[in-house]
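Enquirer: Return atomic coordinates for the entry below.
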Amino acid sequence: MSRSGYRGTAAVTVCTISFFAGMVAAIELGCERSPPPQPIPRKSAASGLATPPPEESPSAVAGTAAVPGKAAVPPTPAPRSESPASSSAASWVKQPETLSAGAPSAVPSGWIIPDEQPAHAVAQAGERSEAPASQAAPPPATFVPAVPTMNVQGELPKQAERGLPKAVVSEAAPGEALPNPLRGGGRPKGQLPSSPIETSSASSPPPLQPAAVIPAAQSQTPAGSSSGFKRRLERPPFDPIKENGQFFVGWTKPQVALVFTGRQDGYFEPCGCAGKERMKGGLSRRHTMIRQLREQGWPLVVMDVGGLIKGFGKQTEVKFQVTVDALRVIGYEAINLGHNDLRLPAPLLLSVVAPVGQQQSEFVSANVALFDFSADQWMSRYRVVEAGGKRVGITAVLGKSYQQEIRNPDLAFMDPEEALAKIVPQLKSQADILVLLADAADEEAFTLVKKFPEFNVLATTDGPAEPPGSPRFVPDTKTLLVRVGEKGMAAAVLGFYDNPDQPVAYQRVILDSRYPDSPEMKQMMVTYQNQLETLGLAGLEIRPVPHPRREIQGDYVGSEKCANCHEKSYLIWKKSGHAKAWDTLKNLDPPRTFDPECISCHVTGWHPTRYFPYISGFLSERETPQLIDVGCESCHGPGGEHVAAEMGSDIERQRRAAQAMIVTKEEAENSEVHNCRNCHDLDNSPDFDFAKYWPLVEHYEKE
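Expert: Below is the predicted model:
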């Protein structure tokens, strides 16, 4: 809940890839597959770390391919494109003679070729750059990874934007849903670049160490999951490899690999009722991915740039605690607290971020302290982690603009530049690779790394909904820019190699259903759901509120009260997915029947996007069994006054009460209160198309 950020002039293969955000948003987007690049030898950087290509040196995106567990087919040499020499250093591009209609062969993905000059203007992904004939070189006999396109602005190429189809009816959402920290109700924010899937060539052979290609399980459908409405259009089985490509193809074991995540925004797991196999994200899949890398013997340093939760209230606090416990189980070395995290009560932050035993806290910040910088013994100003013979120095900052939004007197802030000025000299003397985690707007984060060019990597919370498919550099610097996307749908991995010619590899990892659930994370979810059940609505500080039309429509009475007079309409409802909504939650493993974020759209008498009940609305299956499922009153509003009026003899009262219950097709599609998209949003109903779904529940009554 992948799209392509690359378009070449050679033959392309057009595909459709579903984007699910998860607890993730989903949208159908088009993509194009293009031929991979052919590298030309370049001078290596003295530092051994990645440096960008020189000005006006675009290079083609390297993708991922191949079926896991199968040997790659030997590649076919491809002709090299040539162009007249220019004043700037040459880039490269190659065109395979044909593109296979089946699963693509393996090519290295996301390699960075060093150069001695910084990039001031690098062409956008998808533009072809051709090498002068004088710099053409024969394919090397040994493994030479492909070279990615690098857009120093870190934005989706215009070519890819033009390739995105217009939203279908279900995505347009003319009637805006009420704001909600987890349920977006609309299109994901930001641009949506993606890794292309490419073929191998003579210069990009299959990996030398097949074991380094990380295997992944095929799509899994959780037992007991429900898809809500019965689909009228059959969809082909979901294949995550086909949809999002293969990852880490062509990689050999790195000296050290840095794994970046962030902007989880409270999505502990992929959210949605339309089939988890098509969703993206979740800590369970993330844990499996990281575990697979470790099982391959890769030395990892795992870090989070911030944004674990979003929203407020007791449930958010519980989720924050469980999430931090989960990150510790996964084995995170560094965690930054984002601006939404820092809105939590200071005592809770203290209890969660405090080190476990004698260990140093995983939480790190150069310019945020609990209570006072001189007294804060719980958060580190920076960390140095050794892995694979490399020392990785990590610090983090909170942007000044975000500091102004936080009203927490128990927190102390410092200007990011002032804080880094004290820390960077220490990091530089202790570490080989310097990383800055920034919960800040791009403009502010970029200014910091220009002020402190010692940082080799900047990871930021700003940027598109998914990380780009190819690496970026901060403009006018040699600092690699890492995006993490939103809702925990993806991770970004940088592999560092002891090879001055090929020092760094990059891979965006979409956390799709190829990664099976982690038993440990599943147990975390069980613990979380048990806590919600124990607390109940009262413990979660959730109180029923009056329905805004209570004086007109009365209280909730349940769908069975409608059956006597509205038999045909009742039967239409009974056959719909709305009448089975509660079973969807009961059949999940673990069940979500005590989770307000889930039950709000599966019962009658709740605000669908604010996670609270109305007075006389659903409380629990035991207390209010007549209000399970998405009943008649979920769309029409409370029916108590209508039922009471019909039991009496006041004709005018009956007319008013009946009129208040009417919901027109136009209201269902466009209004704020009755809008179907309040629940059928991109997270939970990615295939929702009002024009197709409306006939499934459409019903009319004679006067």
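Enquirer: Go ahead and report the secondary structure state at residue 434.
Expert: Assigned with DSSP: H, G, I helix; E, B strand; the rest coil, residue 434 falls in the strand class.
Enquirer: Could you measure from it over to residue 480?
Expert: Residue 434 sits 11 Å away from residue 480, going by Cβ to Cβ, to the nearest Å. To be clear about C-beta, it is placed using only N, CA and C from the backbone, and glycine gets the same treatment.
Enquirer: repeat for residue 533
Expert: Taking Cβ to Cβ as the measure, residue 533 falls 45 Å from residue 480.
Enquirer: of the two, who's got more company?
Expert: Shown here are residue 533 and residue 480; by other Cβ atoms under 10 Å, residue 480 has more neighbours (27 against 15).
Enquirer: ok, back up a step: any residues in contact with both of residue 434 and residue 480?
Expert: Listed as contacting both residue 434 and residue 480 by Cβ atoms under 8 Å, 6 or more residues apart in numbering are 456, 457.
Enquirer: Mind giving me the packing neighbours of the longest helix anywhere in the chain?
Expert: Counting by DSSP state H, the longest helix found in the chain is helix 519-539. Counting contacts by 3 or more Cβ pairs under 8 Å, 6 or more residues apart in numbering; DSSP states H and E, helix 519-539 packs against helix 283-295, helix 314-330.
Enquirer: now for the very next helix or strand once past the longest one, which elements pack on it?
Expert: This points to helix 314-330. Per DSSP states H and E, the first helix or strand lying C-terminal to helix 314-330 is strand 334-335. Applying 3+ Cβ pairs under 8 Å, 6+ apart, one finds that strand 334-335 contacts strand 300-304.
Enquirer: circling back to that earlier point, list the buried ones in the longest helix of the chain?
Expert: By neighbour count on 16 or more other Cβ atoms under 10 Å, the buried set for helix 519-539 is 521, 522, 524, 525, 527, 528, 529, 531, 532, 535, 537.
Enquirer: What residues of the following helix or strand past that helix count as buried?
Expert: Sequence order places helix 550-553 as the next helix or strand after helix 519-539, per DSSP H and E. Neighbour-count burial for helix 550-553, counted by 16+ other Cβ under 10 Å, picks out 550, 553.
Enquirer: isn't residue 414 right up against residue 374?
Expert: No: Residue 414 is not in contact with residue 374 according to Cβ atoms under 8 Å; the separation is 11.8 Å.
Enquirer: Neighbour count: these two, which is higher?
Expert: Comparing residue 414 with residue 374 by other Cβ under 10 Å, the one with more neighbours is residue 414, at 19 against 8.
Enquirer: I'd like the distance between the more buried one and residue 429.
Expert: 21 Å.
Enquirer: cool, and residue 680?
Expert: Relative to residue 429, residue 680 is positioned 56 Å away (Cβ to Cβ).
Enquirer: which other helices and strands contact the strand or helix carrying residue 418?
Expert: Per DSSP H and E: residue 418 is located in helix 416-430. Helix 416-430 is packed against strand 390-398, strand 433-439, helix 442-451, with contacts defined by 3+ Cβ pairs under 8 Å, 6+ apart.
Enquirer: Now the first one: average pLDDT?
Expert: Read it as strand 390-398. Mean pLDDT, computed over strand 390-398, is 98.
Enquirer: cool, the second one as well?
Expert: Averaging pLDDT along strand 433-439 yields 98.
Enquirer: Tell me the strands beside that strand, with direction?
Expert: Paired neighbours of strand 433-439 in the sheet (DSSP bridges): strand 390-398 (parallel), strand 457-460 (parallel).
Enquirer: To what extent is residue 461 buried, counted in neighbours?
Expert: Counted with other Cβ under 10 Å, residue 461 comes out at 27.
Enquirer: ditto for residue 627
Expert: Other residues within reach of residue 627, judged by other Cβ under 10 Å, total 25.
Enquirer: Let me see the contact set for it.
Expert: With Cβ under 8 Å, 6+ apart, residue 627 has these contacts: 556, 558, 603, 604, 605, 617, 618.
Enquirer: The fourth one - how many residues pack around it?
Expert: It refers to residue 604. Neighbours around residue 604, by other Cβ under 10 Å: 29.
Enquirer: That one against residue 630, yeah?
Expert: Yes: under the criterion of Cβ under 8 Å, residue 604 makes contact with residue 630 at 6.7 Å.
Enquirer: Poorly predicted segments of the stretch 251-400 of the chain, please.
Expert: Scanning the stretch 251-400 of the chain for pLDDT under 70 picks out the ranges 271-275, 376.
Enquirer: how about TSV for the buried residues of helix 519-539, with pLDDT and distance to residue 625 added?
Expert: Below are these laid out as TSV (pLDDT from 0 to 100; distance: Cβ to Cβ, whole Å):
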residue	pLDDT	distance to residue 625
521	97	32
522	96	29
524	96	30
525	97	26
527	96	27
528	97	25
529	97	20
531	98	24
532	98	20
535	97	21
537	97	16
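Enquirer: Could you give the number of residues near residue 443?
Expert: Using other Cβ under 10 Å, residue 443 has 10 neighbouring residues.
Enquirer: I misspoke; the intended subject was residue 237.
Expert: A count of neighbours around residue 237, defined by other Cβ under 10 Å, yields 9.
Enquirer: And the one 4 residues further on, by the same measure?
Expert: Residue 241 has 21 neighbouring residues, counting by other Cβ under 10 Å.
Enquirer: Which pLDDT value belongs to it?
Expert: Turning to residue 241, the model gives it a pLDDT of 93.
Enquirer: Next: residue 401.
Expert: Taking residue 401 on its own, its pLDDT is 92.
Enquirer: ok, now residue 481?
Expert: 97.
Enquirer: what about it, which helix or strand?
Expert: Using DSSP H and E, residue 481 sits within strand 480-483.
Enquirer: hey, C-alpha coordinates of that strand in PDB?
Expert: Output of strand 480-483 as PDB, limited to C-alpha atoms (Å, rounded to 0.1, in the frame of the first residue of the first chain):
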ATOM      1  CA  LEU A 480      24.200  10.800   0.300                       C
ATOM      2  CA  LEU A 481      20.500  11.600   0.800                       C
ATOM      3  CA  VAL A 482      18.400   8.800   2.100                       C
ATOM      4  CA  ARG A 483      14.600   9.000   2.100                       C
END
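Enquirer: residues in contact with that strand?
Expert: 50, 112, 154, 260, 456-460, 462-464, 467-468, 471-474, 492, 494, 504, 506.
Enquirer: circling back to that earlier point, out of the strands paired with strand 433-439, which is the most enclosed?
Expert: Counting by mean count of other Cβ atoms under 10 Å, strand 457-460 has the highest mean neighbour count of the strands paired with strand 433-439, with a mean of 28.
Enquirer: Cool, thanks, signing off.
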